[in-house]
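Chemist: Okay, here's the prediction I keep looking at, along with the sequence it came from:
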Amino acid sequence: MSITETIAELYALPPNERLRVAEAIWDSLDDSAVPNPAEHQLRELERRLAVHDADPTTALTPLEIEERVARLRRQR
């Protein structure tokens, strides 16, 4: 079976099963296979950490993040 055929079969899976496959593939990679963040991504991370360090009360809980994502999805 070719990679193209394998991918086509994976696309036929329900979303939750595709997510499990994606997670399993990601987990199978060692650290050397995962690319380092680009310079602009590192700068943005540092900026966000500085904002958080200045006022930790601005952080969202996991539940708040899930609710915000759900609200944004409904707006689409």
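Modeler: Noted; the coordinates are in hand.
Chemist: Where does the residue most central in space within the chain sit, in terms of helix or strand?
Modeler: The centroid of the chain falls nearest to residue 23 when counting by Cα atoms, centre = their mean (10.3 Å). Using DSSP states H and E, residue 23 sits within helix 15-28.
Chemist: by contact count, what packs against that helix?
Modeler: Contact here means 3 or more Cβ pairs under 8 Å, 6 or more residues apart in numbering; DSSP states H and E; on that basis helix 15-28 packs against helix 3-11. C-betas here are computed from N, CA, C, even on glycine.
Chemist: What is the neighbour count of the closest residue to residue 18 other than its chain neighbours?
Modeler: Nearest non-adjacent residue to residue 18, counting by Cβ to Cβ, 6 or more residues apart in numbering: residue 10, 6.1 Å away. Look at residue 10: counted by other Cβ atoms under 10 Å, it has 13 neighbours.
Chemist: centre of the chain versus the helix holding residue 23, how much separation?
Modeler: Centre-to-centre, helix 15-28 and its host chain are 12 Å apart (Cα atoms, centre = their mean, to the nearest Å).
Chemist: got it, and stretch 25-36?
Modeler: Worked out by Cα atoms, centre = their mean, stretch 25-36 lies 14 Å from the chain centre.
Chemist: and if you look at stretch 11-30?
Modeler: Relative to its parent chain, stretch 11-30 has a centroid offset of 13 Å by Cα atoms, centre = their mean.
Chemist: What of stretch 7-22?
Modeler: That offset, for stretch 7-22, works out to 16 Å (Cα atoms, centre = their mean).
Chemist: now swap in stretch 35-49 and tell me
Modeler: 15 Å.
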